[in-house]
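# Give me a model of this one.
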Amino acid sequence: MPPDTWNVAEAIEHVSLSDPIMASVIQAVGPYGLQTDGSPFRMLVRSITGQQLSVKAAATIWGRLVNLNGSKRISPASLSRLSDSELRSAGVSHAKIRAIRDITDAFGSRRITGAQLKTMSDESVKAELVKLRGVGPWTADMFLMFALGRPDVFPIGDLGIVQAMQALYPKRNTGDPQNLQRLADQWRPYRTLASWYCWQGLNLMRTENWSPTGT
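Coordinates of the predicted model:
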């Protein structure tokens, strides 16, 4: 399913009918709000900087990097002008700097391009990206969701998704990856949308003491 052709209303109806708990989450959260980044390169670099960090810490470091860059128009050329010490001053670790340099080289030399990735299947995109330093399955999933807008991504390696599903489906023993996968199968082919609602549902449970019906 091409990323630009899926219908959000149709996806919400499908997920709601297939999963009463998710229907409750969708009703509580409201309109679908996942925003994609128009620059695949920038999105990949942002995913690298945010690896294994809290949302707040990742946002802080990203803000510093944008300030160093001089604008939000982050590109291979603009990052190449920043020294390693400048990146460290923003809070980017040495390992992540090495990953960013590898990604910058790949995109700067056009060995990888955003246009190319947009034409590839989800699995082909992941296979290409994980060749890059510092890019693992989680980063590849984030890229598929937030850079390419692919509709059927289930980021099983994301801690927030695991915590959300354990909270939303306490009777389903969802700590086991196979159980998580089976539970998410009912959302196909719109697992991206359901995953976004999982994140939002977990936030509601934590901040407003809300709980879904049907648990």
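
# Only C-alpha atoms from now on, for both contacts and neighbour counts.
OK.

# Could you pull out the buried residues of stretch 62-69?
For stretch 62-69, the buried set under the neighbour-count rule, 16 or more other Cα atoms under 10 Å, comprises 62, 64-66, 68-69.

# what's the residue closest to the geometric middle of the chain?
Met142 (2.7 Å; Cα atoms, centre = their mean).

# Now do that residue against Ile21, distance only.
Using Cα to Cα, to the nearest Å, Met142 is found at 24 Å from Ile21.

# and if you look at Val55?
With the distance defined as Cα to Cα, Val55 ends up 25 Å from Ile21.

# cool, and Thr213?
Separation of Thr213 from Ile21 (Cα to Cα): 6 Å.

# Which one of those two is surrounded by more residues?
When Thr213 is set against Ile21 and neighbours are counted by other Cα atoms under 10 Å, the residue ahead is Ile21, at 19 against 12.

# Okay, and the more buried one sits in which element?
helix 20-29 (DSSP states H and E).

# do the same with Asp105
Here Asp105, judged by DSSP H and E, is contained in helix 94-108.

# so Gln200 touches Val29, yeah?
Yes: with contact defined as Cα atoms under 8 Å, Gln200 counts as touching Val29 (6.7 Å).

# Which other helices and strands does the helix holding Asp105 contact?
Helices and strands touching helix 94-108, by 3 or more Cα pairs under 8 Å, 6 or more residues apart in numbering; DSSP states H and E, are helix 40-49, helix 76-80, helix 84-89.

# if we look at that helix, which residues are touching it?
41, 45, 48-49, 75-77, 79-80, 84, 87-88, 112-113, 132-135 (Cα atoms under 8 Å, 6 or more residues apart in numbering).

# TSV for the buried residues of stretch 62-69, including secondary structure, pLDDT and distance to Gly157?
What follows is the buried residues of stretch 62-69, written out as TSV (DSSP: H, G, I helix; E, B strand; the rest coil; pLDDT from 0 to 100; distance: Cα to Cα, whole Å):
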residue	secondary structure	pLDDT	distance to Gly157
Trp62	helix	97	21
Arg64	helix	97	26
Leu65	helix	97	25
Val66	helix	97	27
Leu68	helix	96	30
Asn69	helix	96	30
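
# Out of those residues, which comes closest to Arg150?
Trp62 (23.5 Å; Cα to Cα).

# Please tell me how far Met165 sits from Gly157.
According to Cα to Cα, Met165 and Gly157 sit 12 Å apart.

# what's the domain layout of this structure?
Listed by automatic domain parsing, the domain ranges of the chain are 8-34+153-208, 40-146.

# what's the angle from the helix holding Asp105 to helix 40-49?
170 degrees (axes from the mean of the first three to the mean of the last three Cα atoms, to 10 degrees).

# Can you dump the C-alpha atoms of the longest helix seen in the chain in PDB for me?
Using DSSP state H to define each element, the chain has its longest helix at helix 191-208. Extracted in PDB, the C-alpha atoms of helix 191-208 (Å, rounded to 0.1, in the frame of the first residue of the first chain):
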ATOM      1  CA  ARG A 191      -0.500  -0.700  12.600                       C
ATOM      2  CA  THR A 192       1.100   2.800  12.400                       C
ATOM      3  CA  LEU A 193      -2.100   4.500  13.300                       C
ATOM      4  CA  ALA A 194      -2.800   2.100  16.200                       C
ATOM      5  CA  SER A 195       0.800   2.500  17.500                       C
ATOM      6  CA  TRP A 196       0.400   6.200  17.500                       C
ATOM      7  CA  TYR A 197      -2.800   5.800  19.500                       C
ATOM      8  CA  CYS A 198      -1.000   3.500  21.900                       C
ATOM      9  CA  TRP A 199       1.500   6.200  22.700                       C
ATOM     10  CA  GLN A 200      -1.300   8.800  23.200                       C
ATOM     11  CA  GLY A 201      -3.400   6.300  25.300                       C
ATOM     12  CA  LEU A 202      -0.500   5.700  27.600                       C
ATOM     13  CA  ASN A 203       0.000   9.400  28.100                       C
ATOM     14  CA  LEU A 204      -3.700   9.800  29.000                       C
ATOM     15  CA  MET A 205      -3.400   7.000  31.500                       C
ATOM     16  CA  ARG A 206      -0.400   8.600  33.100                       C
ATOM     17  CA  THR A 207      -1.500  12.200  33.200                       C
ATOM     18  CA  GLU A 208      -5.300  12.000  33.500                       C
END
